[in-house]
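K.L.:
Sequence isn't available, so here's the structure alone:
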Ligand SMILES: Nc1c(NC[C@H](O)[C@H](O)[C@H](O)CO)[nH]c(=O)[nH]c1=O
Ligand SMILES: CC(=O)[C@@H](O)COP(=O)(O)O
(Lines give C-alpha, C1' and ligand atoms only; values in the text may rest on other atoms or scores of the structure.)
(Ligands and ions follow the chains in the order given, each with its own letter.)
Protein backbone atom coordinates (compact mmCIF):
# COMPACT_ATOMS: atom_id res chain seq x y z
CA UNK A 1 0.00 0.00 0.00
CA UNK A 2 1.42 3.39 -0.96
CA UNK A 3 2.48 5.84 1.72
CA UNK A 4 -0.29 8.11 0.45
CA UNK A 5 -2.79 5.54 1.78
CA UNK A 6 -0.79 4.34 4.76
CA UNK A 7 0.74 7.20 6.76
CA UNK A 8 4.31 6.38 7.79
CA UNK A 9 3.70 7.86 11.25
CA UNK A 10 0.58 5.81 11.86
CA UNK A 11 2.31 2.65 13.06
CA UNK A 12 2.28 1.73 16.78
CA UNK A 13 4.00 -0.82 19.04
CA UNK A 14 3.10 -2.22 22.45
CA UNK A 15 4.53 -0.53 25.51
CA UNK A 16 6.40 -3.10 27.60
CA UNK A 17 8.66 -2.96 30.64
CA UNK A 18 11.65 -4.15 28.61
CA UNK A 19 11.37 -1.51 25.89
CA UNK A 20 13.11 1.22 27.87
CA UNK A 21 16.24 -0.94 28.15
CA UNK A 22 16.77 -1.44 24.43
CA UNK A 23 19.96 0.06 23.05
CA UNK A 24 19.55 1.28 19.48
CA UNK A 25 22.12 2.49 16.94
CA UNK A 26 21.00 4.94 14.29
CA UNK A 27 23.25 5.22 11.22
CA UNK A 28 22.48 8.39 9.26
CA UNK A 29 23.50 9.23 5.69
CA UNK A 30 24.69 12.81 5.18
CA UNK A 31 23.49 12.97 1.56
CA UNK A 32 20.23 15.00 1.34
CA UNK A 33 20.94 16.12 4.90
CA UNK A 34 17.76 18.20 5.31
CA UNK A 35 15.73 15.05 4.70
CA UNK A 36 17.86 12.61 6.71
CA UNK A 37 17.97 14.94 9.71
CA UNK A 38 14.16 15.03 9.66
CA UNK A 39 14.12 11.22 9.52
CA UNK A 40 16.53 11.12 12.46
CA UNK A 41 14.39 13.50 14.51
CA UNK A 42 11.34 11.35 13.86
CA UNK A 43 13.14 8.15 14.80
CA UNK A 44 14.54 9.59 18.03
CA UNK A 45 11.26 11.13 19.12
CA UNK A 46 9.46 7.84 18.51
CA UNK A 47 12.07 5.81 20.40
CA UNK A 48 11.86 8.28 23.30
CA UNK A 49 8.05 8.14 23.19
CA UNK A 50 8.35 4.41 23.93
CA UNK A 51 10.67 5.03 26.87
CA UNK A 52 14.03 4.30 25.31
CA UNK A 53 16.60 6.36 27.19
CA UNK A 54 18.52 9.10 25.37
CA UNK A 55 21.84 7.48 26.38
CA UNK A 56 20.70 4.22 24.74
CA UNK A 57 20.37 5.85 21.32
CA UNK A 58 23.77 5.84 19.56
CA UNK A 59 24.15 7.93 16.41
CA UNK A 60 26.75 7.37 13.70
CA UNK A 61 27.02 9.30 10.40
CA UNK A 62 28.07 8.01 6.98
CA UNK A 63 28.74 10.01 3.79
CA UNK A 64 25.92 8.50 1.70
CA UNK A 65 23.34 5.74 1.66
CA UNK A 66 25.78 3.38 -0.02
CA UNK A 67 27.88 3.46 3.18
CA UNK A 68 24.90 2.63 5.41
CA UNK A 69 25.59 -1.08 5.01
CA UNK A 70 29.12 -0.96 6.42
CA UNK A 71 28.08 1.50 9.11
CA UNK A 72 25.27 -0.84 10.11
CA UNK A 73 27.67 -3.77 10.20
CA UNK A 74 30.09 -1.92 12.48
CA UNK A 75 27.26 -1.15 14.91
CA UNK A 76 25.49 -4.53 14.69
CA UNK A 77 28.74 -6.23 15.72
CA UNK A 78 28.73 -4.38 19.04
CA UNK A 79 27.47 -6.61 21.87
CA UNK A 80 25.67 -3.73 23.60
CA UNK A 81 23.61 -2.80 20.50
CA UNK A 82 20.21 -4.51 20.21
CA UNK A 83 19.10 -3.10 16.84
CA UNK A 84 20.32 -0.78 14.09
CA UNK A 85 18.21 1.78 12.22
CA UNK A 86 19.61 2.95 8.87
CA UNK A 87 18.37 6.32 7.61
CA UNK A 88 19.01 7.68 4.14
CA UNK A 89 17.47 9.35 1.12
CA UNK A 90 18.42 8.37 -2.42
CA UNK A 91 16.84 10.70 -4.99
CA UNK A 92 16.56 9.68 -8.63
CA UNK A 93 18.98 11.61 -10.86
CA UNK A 94 19.64 11.54 -14.59
CA UNK A 95 21.45 8.22 -14.64
CA UNK A 96 21.07 4.65 -13.41
CA UNK A 97 23.28 5.43 -10.40
CA UNK A 98 20.10 5.58 -8.32
CA UNK A 99 19.27 1.97 -9.18
CA UNK A 100 22.68 0.66 -8.22
CA UNK A 101 22.74 2.48 -4.87
CA UNK A 102 19.21 1.47 -3.91
CA UNK A 103 19.80 -2.17 -4.77
CA UNK A 104 23.15 -2.28 -3.00
CA UNK A 105 21.75 -0.69 0.15
CA UNK A 106 18.61 -2.82 0.30
CA UNK A 107 20.53 -6.07 -0.20
CA UNK A 108 23.39 -4.94 2.02
CA UNK A 109 21.23 -3.93 4.95
CA UNK A 110 19.24 -7.14 4.66
CA UNK A 111 22.44 -9.19 4.80
CA UNK A 112 23.73 -7.35 7.87
CA UNK A 113 20.53 -8.23 9.70
CA UNK A 114 20.76 -11.86 8.67
CA UNK A 115 24.45 -12.20 9.54
CA UNK A 116 24.17 -10.39 12.87
CA UNK A 117 20.84 -11.92 13.94
CA UNK A 118 19.74 -8.44 14.95
CA UNK A 119 17.04 -6.15 13.56
CA UNK A 120 18.67 -3.85 10.98
CA UNK A 121 15.95 -1.51 9.76
CA UNK A 122 15.72 -0.08 6.23
CA UNK A 123 14.76 3.54 6.82
CA UNK A 124 15.87 4.71 3.38
CA UNK A 125 13.68 6.89 1.18
CA UNK A 126 14.00 6.25 -2.55
CA UNK A 127 11.93 9.05 -4.10
CA UNK A 128 11.76 10.35 -7.62
CA UNK A 129 12.25 13.92 -6.44
CA UNK A 130 12.83 16.19 -3.44
CA UNK A 131 9.13 16.81 -2.85
CA UNK A 132 8.37 13.12 -2.50
CA UNK A 133 11.22 12.94 0.02
CA UNK A 134 9.91 15.88 2.05
CA UNK A 135 6.42 14.38 2.03
CA UNK A 136 7.86 11.27 3.76
CA UNK A 137 10.20 13.03 6.19
CA UNK A 138 7.60 14.74 8.35
CA UNK A 139 5.33 15.91 5.55
CA UNK A 140 1.88 14.88 4.40
CA UNK A 141 2.70 11.17 4.31
CA UNK A 142 4.32 11.10 7.75
CA UNK A 143 7.90 10.35 8.70
CA UNK A 144 9.82 7.25 7.61
CA UNK A 145 11.96 7.70 10.71
CA UNK A 146 8.90 7.07 12.87
CA UNK A 147 8.10 3.92 10.93
CA UNK A 148 11.70 2.69 11.20
CA UNK A 149 11.76 3.20 14.97
CA UNK A 150 8.50 1.30 15.40
CA UNK A 151 9.84 -1.54 13.26
CA UNK A 152 12.94 -1.80 15.48
CA UNK A 153 10.86 -1.80 18.67
CA UNK A 154 8.39 -4.39 17.35
CA UNK A 155 11.16 -6.73 16.19
CA UNK A 156 12.89 -6.55 19.58
CA UNK A 157 9.61 -7.05 21.47
CA UNK A 158 8.85 -10.13 19.36
CA UNK A 159 12.25 -11.80 19.10
CA UNK A 160 14.68 -10.53 21.76
N1 LIG B 1 23.06 10.46 -5.02
C2 LIG B 1 22.92 10.04 -3.73
C3 LIG B 1 23.95 9.41 -3.03
N4 LIG B 1 25.15 9.20 -3.61
C5 LIG B 1 26.35 8.89 -2.86
C6 LIG B 1 26.46 7.39 -2.51
O7 LIG B 1 25.53 7.02 -1.50
C8 LIG B 1 27.87 7.06 -2.00
O9 LIG B 1 28.14 7.85 -0.84
C10 LIG B 1 28.93 7.35 -3.06
O11 LIG B 1 28.57 6.63 -4.23
C12 LIG B 1 30.33 6.93 -2.59
O13 LIG B 1 30.35 5.58 -2.25
N14 LIG B 1 23.76 8.98 -1.77
C15 LIG B 1 22.55 9.19 -1.14
O16 LIG B 1 22.39 8.80 0.03
N17 LIG B 1 21.54 9.80 -1.81
C18 LIG B 1 21.67 10.23 -3.08
O19 LIG B 1 20.69 10.79 -3.66
C1 LIG C 1 21.19 8.60 -6.65
C2 LIG C 1 22.31 9.36 -7.22
O3 LIG C 1 23.48 9.04 -7.06
C4 LIG C 1 21.94 10.47 -8.13
O5 LIG C 1 21.39 11.49 -7.31
C6 LIG C 1 23.12 11.01 -8.89
O7 LIG C 1 22.55 11.80 -9.89
P8 LIG C 1 22.89 11.48 -11.44
O9 LIG C 1 22.26 10.12 -11.73
O10 LIG C 1 22.21 12.60 -12.21
O11 LIG C 1 24.39 11.49 -11.58
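P.N.:
Yes, it's here. The structure presented is a predicted model; accordingly, all values stated were derived computationally and were not measured. Ligands and ions are numbered 1, 2, ... in the order given.
K.L.:
rest of the way, CA atoms for contacts and neighbours
P.N.:
Noted.
K.L.:
Can you check which helix is longest in the protein?
P.N.:
Taking DSSP state H as the criterion, the chain has its longest helix at helix 97-116.
K.L.:
Kindly report the residues of this structure close to ligand 1.
P.N.:
29, 31, 63, 64, 65, 66, 67, 88, 89, 90, 91 (C-alpha under 6 Å from any ligand atom).
K.L.:
from the residues you listed, which is closest to residue 135?
P.N.:
Distance to residue 135, by C-alpha to C-alpha, is smallest for residue 89 among these, at 12.2 Å.
K.L.:
Contact partners for that closest one?
P.N.:
Applying C-alpha atoms under 8 Å, 6 or more residues apart in numbering to residue 89 gives the contacts 29, 31, 32, 35, 36, 65, 124, 125, 126, 127, 133.
K.L.:
how much space between it and residue 133?
P.N.:
7 Å (C-alpha to C-alpha, to the nearest Å).
K.L.:
Need the overlap of contacts for these two.
P.N.:
35, 125, 126, 127.
K.L.:
Show me what the second one bridges to in the sheet.
P.N.:
Per DSSP bridges, the residues bridged to residue 125 are residue 89.
K.L.:
Find out how far stretch 7-27 is from the centre of the chain, if you would.
P.N.:
12 Å (C-alpha atoms, centre = their mean, to the nearest Å).
K.L.:
Revised request: answer the last question for stretch 39-49.
P.N.:
10 Å.
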